[in-house]
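> give me coordinates for this.
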Amino acid sequence: MIRTFIAISVLEEIKKNIADLQRKLKGCGGHIKWVRTESIHLTLKFLGDVEESKIDTIADSLKKAVRTQKSFKISVSGTGAFPNIRQPRVLWVGIDEGKEILTSLASEIDRVCTALGFKPEKRKFSAHLTLGRVKFQKNINTTLNTMNAANFKGGSFRAEEIIIMKSELRPEGALYTPLHKIKLEG
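Residues are numbered from 1 along each chain as shown. The predicted structure is shown next:
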């Protein structure tokens with residue numbers, strides 16, 4: 001079984017800008033497990049444990065489903081928290097331009113994966129890049145105030161492919177390995 005998800009890779013320059021924001025926030029004293037810079041990505045669908053023999057079928061179905069989707073621009077800006085800013089569990093940076101296309105793409109991917117026997121998404125899709133996961137609420141207000149005051153602008157890039165990723169959980173953080181890259185037109 002392979003722990004699997006479907007995502008879009010993020011430009012290295014944007015990862016660097018996010019790492020700069022994380023460095024500012026780390027000094028605020030919040031108890032947060034920060035996402036490693038090299039692991040930052042935009043998740044479209046988490047599949048969970050998948051039999052290795054099914055990966056090619058998933059890739060073929062996704063290729064058919066996204067064959068008319070052109071590459072598109074994504075701009076990264078703003079910050080927030082899930083489930084909300086009053087009780088944050090996950091800190092994130094947002095997506096400005098490209099949000100509607102990403103929502104549509106995630107919906108189509110969910111439809112295809114549901115047809116292949118995966119559970120449909122219960123939560124509404126929210127395009128974001130995870131900064132870190134809050135472990136304790138102590139000292140979180142300083143982190144949140146600093147995050148909001150940063151008025152984060154991460155840059156923009158073209159989404160040219162979706163990737164089926166393998167996720168290996170390790171003590172130092174998850175290791176992600178591309179299994180299939182599916183090009184978008186344009």
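> where does pLDDT dip in the chain?
Confidence mapping of the chain against pLDDT under 70 gives the ranges 186.
> could you pick out the longest helix of it?
Assignment by DSSP state H gives helix 99-115 as the longest helix of the chain.
> would you mark the buried spots in stretch 142-155?
With burial defined by 16 or more other CB atoms under 10 Å, the residues of stretch 142-155 counted as buried are 143, 144, 146, 147, 152, 154, 155. Heads up, the C-betas are built off the backbone N, CA and C, glycines and all.
> okay, the residues you listed in JSON lines with secondary structure and distance to residue 30 next?
Shown next, in JSON lines, are the buried residues of stretch 142-155 (DSSP: H, G, I helix; E, B strand; the rest coil; distance: CB to CB, whole Å):
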{"residue": "143", "secondary structure": "helix", "distance to residue 30": "4"}
{"residue": "144", "secondary structure": "helix", "distance to residue 30": "8"}
{"residue": "146", "secondary structure": "helix", "distance to residue 30": "9"}
{"residue": "147", "secondary structure": "helix", "distance to residue 30": "9"}
{"residue": "152", "secondary structure": "coil", "distance to residue 30": "16"}
{"residue": "154", "secondary structure": "strand", "distance to residue 30": "20"}
{"residue": "155", "secondary structure": "strand", "distance to residue 30": "25"}
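> reformat the residues you listed as a markdown table; add distance to residue 76.
Conversion of the buried residues of stretch 142-155 to a markdown table gives the following (distance: CB to CB, whole Å):
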| residue | distance to residue 76 |
| --- | --- |
| 143 | 19 |
| 144 | 19 |
| 146 | 18 |
| 147 | 14 |
| 152 | 8 |
| 154 | 3 |
| 155 | 6 |
